[in-house]
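Engineer: next comes the sequence, and after it the predicted model I'd like to discuss.
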Amino acid sequence: MPDCVLGVPAELKPFTLQETSYDLVILGYQAWFLSPGIPTNSILNHPSVQAVLKNTPVITITGARNMWISAMERIKKY
Ligand SMILES: Cc1cc2nc3c(=O)[nH]c(=O)nc-3n(C[C@H](O)[C@H](O)[C@H](O)COP(=O)(O)O)c2cc1C
């Protein structure tokens, strides 16, 4: 819970993205403890994902309970 709220990313297994740029990214994520969930936070902090998302339109979609707005505000900053 502290890592989630503080936005501490987890180490991810190595991966490669299929493309170097995208017309649109649709990001599905969960809110945990009013914050972006650790998997989402970890992906959004990954340098190769950040490089691809820069200057790319992103639509977010979340399946949450009814406490999602502060998580969304943090996702918007990422
Ligand atoms: C540890 C944890 C914390 C969560 N915290 C929130 C929250 O703060 N606000 C919210 O709306 N939903 C919260 N949820 C619900 C998730 O956003 C999601 O809706 C729920 O986990 C259903 O998805 P799943 O079936 O893939 O687990 C939480 C879920 C988990 C597992």
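Structural biologist: Happy to help now that I have it.
Engineer: from now on I want contacts and neighbour counts done on CA atoms only, so please keep to that.
Structural biologist: OK.
Engineer: and V58, how many neighbours?
Structural biologist: For V58, the count of nearby residues is 15 (other C-alpha atoms under 10 Å).
Engineer: my read: it touches L27, true?
Structural biologist: Yes - at 6.9 Å, V58 and L27 qualify as touching, with contact defined as C-alpha atoms under 8 Å.
Engineer: which residue comes closest to Q50 once chain neighbours are left out?
Structural biologist: L44 (6.3 Å; C-alpha to C-alpha, 6 or more residues apart in numbering).
Engineer: and this protein, which of its residues are near the ligand?
Structural biologist: Where the chain comes near the ligand, counting by C-alpha under 6 Å from any ligand atom, the residues are 30-34, 63-68.
Engineer: which of these ranks first by neighbour count?
Structural biologist: Sorting the residues of the chain next to the ligand by how many neighbours each has (other C-alpha under 10 Å) puts A31 first, at 23 neighbours.
Engineer: now that residue: how far from V8?
Structural biologist: For A31, the distance to V8 (C-alpha to C-alpha, to the nearest Å) stands at 15 Å.
Engineer: what's the neighbour count on the residue nearest to Q50?
Structural biologist: Neighbour tally, L44, other C-alpha under 10 Å: 18.
Engineer: I'd say it and Y78 touch.
Structural biologist: Yes - the pair L44 and Y78 qualifies as a contact (C-alpha under 8 Å) at a distance of 6.7 Å.
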